[in-house]
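>>> sequence and predicted structure are below.
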Amino acid sequence: MLDLMPSLREWQPAVTGQRCAVATVVGAGGSVPRPLGTSMLVSEAGDVLGSLSGGCVEGAVVEAALQAMHDGGTRREFFGYSAEDAFAVGLTCGGELEIHIEPLGSAPGGLRLENLRSLAGPGPASALALIRRVDANGGGAVVIPDPASFRADSSAELAALLGLASTGAPEAGRLARAAAAQLEPLLRGGRTGLVRLAPPEGCLSGTTVPQKAGTGPATGPEPITLLVESRLPPARLLIFGANDFGAALLPAAQLLGYHVTLCDARPAFASQARFAGAEQVVTAWPHRFLAEEAAARRIDARTVACVLTHDPKFDIPLLRTALGLDLAYVGAMGSRRSHRQRVDSLLAAGVSTEDLSRLHSPIGLDLGAVTPAEVAVSITAELVASRSRSAGASVRASSLKDGAGPIHAGSHHTGPLHAVTTQNLNTPQHQETPWT
């Protein structure tokens, strides 16, 4: 949903106040075009903002959304691949999607178009989070302007969303603690995830978990299901070295959503017009600048440092500083001979072997890159692979045509939940936001 916000102010159905419904991916299995949390708005006239599958199921989702607006209630739709019925709506990629459809303003405390327009105000670079209840027994949403500091156990809005007022104090306390334990890591990490909480005992009597057609009878009470979308300010990528390789990496990193800073100690190089596109250009000794940024808490565990200076008087003190910080990625350009010399110098400077194991040197994936543009692709490819590994995905740096099995890691859990479980699909991204 957050991805749609920048376009909402110009979308005519929203401008003219038409009734709308939101369709959201709340379950995904196998190879699917878009991740958990992807949303699409449908107006009462059939206009669409966004996409869920790249075209495979959109027509059927629009029809379901129009019916939901007519009925005034939420609904759940399942789409997969049918080899038996050539005319069935489904995903040709073989994956499965579970779509939650809810008319805007249909539930107490739910999202309305005016609320969504206000969400569009801060802009894509600002912190923002949205928690929506997407099970069949509830609705509504909570907007969180500052996800990094949100306390779930003290939020009256979240308590109302969970329906804690209708439960006893012990059970309400259990649910609040369980929600806080699962929600806050997602919010503070800038990630998207599905949180399921076991419902209060006896609260949902007679309500069962919805099942896909043909999979057998429904069993057990449906868990309270929350869709969490959290967006933090863009992660920083620090380029050290005002040269051809830095100039090529700058726009490539911005394409991945990074806030790019270019730093070089030489004013004549850093002041070149080709670096003007960076969010920040700094003329300073690289290791001093990095230490100052760390002391001012302007870098965090999502920050990337790419050392392209290829000069030991800059590289060694800079890498010694960088490897002593909690950064997402530290890479240094150079040949394997340069790397061996660099390692020897860093060991002599007191850097531990454990810290050295975090150094990506020579920087980038082995793509056979030669030109600055090709090297930029190699570096950004390694960044994507590294952050996917940090999210728990198994990454193979090889051609997709040579592989087998699902392209996208992760699966959708549809079994009964007896306690508290979380499904977290953190793809920059997801979210398409680096390290979120």
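Alright, I've got the coordinates. Numbers count the residues shown, from 1 in each chain.
>>> helices of the stretch 101-250 of the chain, start to end?
113-119, 156-162, 169-189, 244-255 (DSSP state H, counting those that start in this stretch).
>>> winner for burial among these?
Among the helices of the stretch 101-250 of the chain, helix 244-255 has the highest mean neighbour count (mean count of other C-beta atoms under 10 Å), at a mean of 20. Placement of C-beta: from N, CA and C, glycine included.
>>> pLDDT of that helix, averaged?
Averaged over helix 244-255, pLDDT sits at 97.
>>> tell me which other helices or strands it touches.
When contacts are defined as 3 or more C-beta pairs under 8 Å, 6 or more residues apart in numbering; DSSP states H and E, helix 244-255 packs onto strand 236-240, strand 259-264, helix 372-390.
>>> and the first one, how far out from the chain's middle?
Between the centre of strand 236-240 and the centre of its chain there are 21 Å (C-alpha atoms, centre = their mean, to the nearest Å).
>>> returning to that earlier point: nearest to residue 8, of the helices and strands packed on helix 244-255?
Smallest distance to residue 8 across those (C-beta to C-beta): 23.5 Å, for strand 259-264.
>>> any idea which of the helices and strands packed on helix 244-255 is most buried?
Greatest average neighbour count among those goes to strand 236-240 (a mean of 27), per mean count of other C-beta under 10 Å.
>>> about what we covered before: now the helices of the stretch 101-250 of the chain as JSON lines including distance to residue 281?
Compiled in JSON lines, the helices of the stretch 101-250 of the chain are given as follows (distance: least, C-beta to C-beta, whole Å):
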{"stretch": "helix 113-119", "distance to residue 281": "32"}
{"stretch": "helix 156-162", "distance to residue 281": "42"}
{"stretch": "helix 169-189", "distance to residue 281": "29"}
{"stretch": "helix 244-255", "distance to residue 281": "10"}
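>>> residue 1: which of those helices is closest?
The nearest among the helices of the stretch 101-250 of the chain, by C-beta to C-beta, is helix 113-119 at 8.0 Å.
>>> on contacts alone, who are the packing partners of the lengthiest strand in the chain?
Ranked by residue count under DSSP state E, the longest strand found in the chain is strand 20-29. Under the contact criterion of 3+ C-beta pairs under 8 Å, 6+ apart, strand 20-29 touches strand 39-43, helix 58-71, strand 96-103, strand 224-231.
>>> give me the low-pLDDT residue ranges for the protein?
30-33, 54-55, 81-95, 106-110, 114-115, 117-124, 168, 200-220, 389-436 (pLDDT under 70).
>>> redo that, cut-off 50
82-88, 90, 202-211, 213-218, 410-436 (pLDDT under 50).
>>> which residue of it lies farthest from its centroid?
Distance from the centre of the chain peaks at residue 348, with 39.5 Å (C-alpha atoms, centre = their mean).
>>> looking at the helices and strands packed on strand 20-29, which is nearest to residue 357?
Comparing these by C-beta to C-beta, strand 224-231 comes nearest, at 30.4 Å.
>>> what's the angle between the closest one and strand 20-29?
Relative orientation of strand 224-231 versus strand 20-29 (axes from the mean of the first three to the mean of the last three C-alpha atoms, to 10 degrees): 100 degrees.
>>> number of residues surrounding the closest residue to residue 321 other than its chain neighbours?
In this structure, residue 321 finds its nearest non-sequential neighbour in residue 287, 4.6 Å apart by C-beta to C-beta, 6 or more residues apart in numbering. Neighbour count for residue 287, taken as other C-beta atoms under 10 Å: 20.
>>> list the contacts for residue 287?
Contact partners of residue 287, counting by C-beta atoms under 8 Å, 6 or more residues apart in numbering, are 314, 317, 318, 320, 321.
>>> go ahead and list the helix or strand containing it.
Using DSSP states H and E, residue 287 maps to helix 286-295.
>>> and the next element down the chain from that helix?
Downstream of helix 286-295, the next assigned helix or strand under DSSP H and E is strand 304-307.
>>> mind listing what's buried in the helix or strand that contains residue 5?
Using DSSP H and E, residue 5 sits within helix 5-8. For helix 5-8, burial by neighbour count (16 or more other C-beta atoms under 10 Å) applies to 5, 8.
>>> what's the next helix or strand after that helix packed up against?
Per DSSP H and E, the first helix or strand lying C-terminal to helix 5-8 is helix 12-15. Where contact means 3+ C-beta pairs under 8 Å, 6+ apart, helix 12-15 is packed against strand 39-43, helix 113-119.
>>> now helix 12-15 - C-alpha only, CSV.
Output of helix 12-15 as CSV, limited to C-alpha atoms (Å, rounded to 0.1, in the frame of the first residue of the first chain):
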residue,chain,number,x,y,z
GLN,A,12,-8.6,10.8,-10.7
PRO,A,13,-11.0,8.4,-8.8
ALA,A,14,-9.3,9.6,-5.5
VAL,A,15,-9.5,13.2,-6.6
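>>> give me the number of residues near residue 198?
18.
>>> which stretches of the stretch 301-436 of the chain form helices?
312-322, 336-348, 353-356, 372-390.
>>> could you export the ones you listed as a markdown table, including distance to residue 193?
Formatted as a markdown table, these follow (distance: least, C-beta to C-beta, whole Å):
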| stretch | distance to residue 193 |
| --- | --- |
| helix 312-322 | 30 |
| helix 336-348 | 38 |
| helix 353-356 | 31 |
| helix 372-390 | 15 |
